[in-house]
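**Q** please find the sequence and the predicted model below.
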Amino acid sequence: IVSLQAIESFALTVKEIAQMLQSFGTELAETELPDDIFSIERILSLRTEKYFQLKEDITAVTKEGKLLLSSFEEPEAGECSEDQQRDRPGDWETVNRLLGQLREMETAFDGFWEKHQLKMEQYLQLWKFEQSFQEVKNAIEFLMGQQAELPDTGDSIPQVKQRLKDLEHFNGMAQDLIGKAQVVILHGHQLAANHHYALNLICQQCNELRHHSDILSDEVKRKQMRLQKTLDLHTHLQQALQCCDEGAYLLANQQMDKCQSKEGAQKALQDIERFLESSSAYLNYDPQALQYDFEAVLTSELKCQIQSVQVKLENVRTMFENRQACFKKLLDKHVRPVQLVAPRPENPPRSKSPLFSPKHGKFIVFSGVIPCSSCHLIPFLFQIEVMHDYQEKRNSLQTFISDSDDNLDILKGHVINELIETERVYVEELFAVLTGYRAEMDNPAMLILMPPVLRNRKDVLFGNMPEIYDFHNKIFLHSLESCLGAPERVGFCFLDRRQDFQMYEKYCQNKPRSESLWRQCSESTFFQECQRKLEHKLGLDSYLLKPVQRLTKYQLLLKELLKYSTSCDGVQELQEALVAMLDLLKSVNDSMHQISITGYDGDLSELGKVLMQGSFSVWTGHRKGPTKMKDLARFKPMQRHLFLYEKALVFCKKREEHGDGYDKTSSYSFKHFLKMNAVGITENVKGDHRKFEIWYSGREEVYVVQAQTVDLKMAWLNEIRKILFKQQELIKGVKNMIDLLFFLFLSLRKQQRVSISSEENDSERTSPVMLDSGLPSPQNKPQRSWPGMSQSLEICEGLEEWSGNQYLSNCSDTEEEDGNQLSPGKYKALADCKRRGSEDLLVKNGDEIQLLHEDGEGQWLVKNLNRRKEGWVPVHSLQLVVGDCRFRNAKIAGI
């Protein structure tokens, strides 16, 4: 019985083992695998652990079965009964059969697990391979996008070099990524060699990675080749331009007085021939061959540059041919020496314009000023690197060459070359200052050398020099270079950028603060070290003066260019450009004075732009009526510096703060100001043609102003008159708007009266009168903050006192409805006017005139009471002379 129970228990255990194996196999077959590597690895680990647990269970059951089987082996004789001996072979056979079944299940289970484990491991390997493949593929596609944005050409040598440098850095990243792609491809090949179940997919992805890597590598190599080719083209063009500049410099520096003899002409001719021989490779460039050699990289911009260089080469070749022809004539005909003559009286000698020569520069120091018209001059200390004898040589060249159109073109070409070359030098000097000084102030290694007063004050020391550099480097220099083959465009270059040049005003206004800061730390080790690194012979203060010097240089070069452009395109633009630059110098000069005003409570910028400034002798009076000089003669005049703004006239007293060198400065102590909307002027004051009268608030304050010259007086009067007329136009616009609103109001009231009953209409018939009386009358209007154009427009001499309010109160309803109707009477003229059918002036600004009567053709008979002349004047011209009737402030009160 015990044996039977043991056998049944063992058989049940074997059955349980079979069920467990069946359940585990079903689980492996039906469970979905996750889609991330971590979960796959976790499941594989759990299943492996369960596999080994089942193996331990099978081993334990097998051991139990073997133990049971050994108990049924043949026993010793006499130890068991006869029935036991008869049943033992059947039991042994049952246990042995169960053990065999257990071994078969274990073998089948091991085979199943081995295949499942291999598939799971390959599945995990495929996931890792695909993840690496996707990462590398995305990275390659990202670099391909970046690569597409990298340009494969450039407009200048520095730009191309920078782009080559950027591309080289990009190529380093691309090669690193291509190396990673090769590792992924090698991994795929190993999986394929191990007979991976996804062999086709792996091979496809390996080929895709190899294709993307090849495309990226080829694109980078293609752009490197194009950029290198473009760099070679720019280098050729730069060498050609440099050759042209050296040729022009050679011709400009030949001493023509020494070339008048046969020996001198022969030597100069030999110099030219030597230069042509050494520069033949550049001067004889074939543009077609150049375009053929670099056809693969040519863009529209590069084609334009090639054409521009070709034009310059042709100009230089023409210059050399003309010079050679001149010298050969001297050698062949043995002409007598050309005598140098003094300039003709009608052409006053112009000031010398120094040219910087990087090869033969010398250092000179001289005092200079900013030249401008109708203004005082601001002293500066100029330190300029120049060729000291360049101007004399060019003057000799100009004397030697005739005034033919071809030679004028040559001289014009010299000036344009000088303009462009000095512009390039100017840009390079600004760049050196900004990188060698300004940028070093942010260098931690240089911080120990910097004095404390200088820290965080680079904006004070350098002002807006970075803004000036960006403008000239990125915009203006390129505009000037485009004029090499088109000199008529020089004027356009300045006119198109006239607003950009206003940045110089800001720089000059900051100059006193910059100089003050420089004087405090000019001897510091920091500046000495920066100057040593830059190998500059001059200190920083000389380079901080460069923008001021450059501003004065432009107007000199424009004058020179205008001299040789008397009968060609672009002359008008050149003249306008010269005027614009002179106006800029004047504006800068005025602003330099303005920043020295002290004692003004408020913001001077609220007064508008400074239009004029200057020193005058001023007498004051405080009574109404015309000012007589005999009443003021006993008073000593005050010396005042006047600033004319758009909205005010400011009176200051000039104060000199004595000192030496930089310490000597001027300041202007504010005294008072007059609002321009309450100012009137009298053009002439008896006794001196240099005097004029400024009066304020209906002549309650009168100022007699004496200019240094009559021209200066007229310039001030013209500017003041412009301001007053602008105010007149403004008030006319406001009055027209008021009239329109009043008309709409009356129309609305009329419509309201029509809509009410007849009885109400009868009661309302007087409502217009009541309405008019209810409106504020001109007599009751308070005095405006602008005291009326009556005071601003009365610019005649000996004008009697009048009241603008009184005139407004006498305006009839007809005048309100039709303000442009003229009526007989006496007026003060606001503008000049000619007699009908004649060029003679019948009326001048400020004359007292009388309108007599009007004919049927719109002509008025006008009598000039000052000049005792009569004549017919069209009504439209007369309205300009006397102004709008509704604001007929020039009409004499009481007449």
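**A** Done, it's in. Numbers count the residues shown, from 1 in each chain.
**Q** C-alpha from now on. contacts and neighbour counts both.
**A** Will do.
**Q** mind giving me the domain ranges of this structure?
**A** As given by the TED database, the domain ranges for the chain are 1-72+89-130, 247-332, 405-593, 597-623+637-656+666-732, 825-882.
**Q** could you dump those domains to CSV with mean pLDDT?
**A** Shown next, in CSV, are the domains of the chain (pLDDT from 0 to 100):
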stretch, mean pLDDT
domain 1-72+89-130, 82
domain 247-332, 79
domain 405-593, 88
domain 597-623+637-656+666-732, 87
domain 825-882, 79
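**Q** columns distance to Leu227 and mean neighbour count on top of the ones you listed, output as a markdown table?
**A** Formatted as a markdown table, the domains of the chain follow (distance: least, C-alpha to C-alpha, whole Å; neighbours: other C-alpha atoms under 10 Å):
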| stretch | distance to Leu227 | mean neighbour count |
| --- | --- | --- |
| domain 1-72+89-130 | 37 | 15 |
| domain 247-332 | 8 | 17 |
| domain 405-593 | 21 | 18 |
| domain 597-623+637-656+666-732 | 50 | 18 |
| domain 825-882 | 67 | 17 |
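**Q** ok, which of those domains comes nearest Gln228?
**A** Distance to Gln228, taken as C-alpha to C-alpha, is lowest for domain 247-332 among these, at 9.7 Å.
**Q** first-to-last residue distance for that closest one?
**A** Length of domain 247-332, first residue to last, C-alpha to C-alpha, to the nearest Å: 24 Å.
**Q** the strand or helix carrying Gly614 packs against which elements?
**A** Gly614 belongs to strand 610-621 when elements are defined using DSSP states H and E. If contacts are counted by 3 or more C-alpha pairs under 8 Å, 6 or more residues apart in numbering; DSSP states H and E, strand 610-621 sits against helix 571-594, helix 629-632, strand 638-645, strand 701-706.
**Q** CA atoms only: put it into CSV for me.
**A** What follows is strand 610-621, C-alpha atoms only, in CSV (Å, rounded to 0.1, in the frame of the first residue of the first chain):
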residue,chain,number,x,y,z
VAL,A,610,19.6,124.3,-33.6
LEU,A,611,19.3,126.3,-36.9
MET,A,612,22.0,129.0,-36.3
GLN,A,613,24.2,130.3,-33.5
GLY,A,614,26.6,133.2,-33.2
SER,A,615,27.9,136.2,-31.2
PHE,A,616,26.2,139.6,-31.4
SER,A,617,26.1,143.0,-29.8
VAL,A,618,22.6,143.4,-28.2
TRP,A,619,20.7,146.5,-26.9
THR,A,620,17.5,146.0,-25.0
GLY,A,621,14.4,148.1,-24.5
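**Q** mind listing the strands that strand pairs with, and their directions?
**A** Paired with strand 610-621 in the same sheet, following DSSP bridges, are strand 638-645 (antiparallel), strand 701-706 (antiparallel).
**Q** what does the helix or strand just after the longest one rub up against?
**A** Later in the chain than strand 638-645, the nearest helix or strand by DSSP H and E is strand 648-657. In this structure, residues lying in contact with strand 648-657 by C-alpha atoms under 8 Å, 6 or more residues apart in numbering are 597, 607, 639-644, 664-676.
**Q** looking at the domains of the chain, which is closest to Ile178?
**A** Ile178 lies closest to domain 1-72+89-130 among the domains of the chain, at 16.1 Å (C-alpha to C-alpha).
**Q** centre of the chain to the closest one, how far?
**A** From the chain centre to the centre of domain 1-72+89-130 is a distance of 81 Å (C-alpha atoms, centre = their mean, to the nearest Å).
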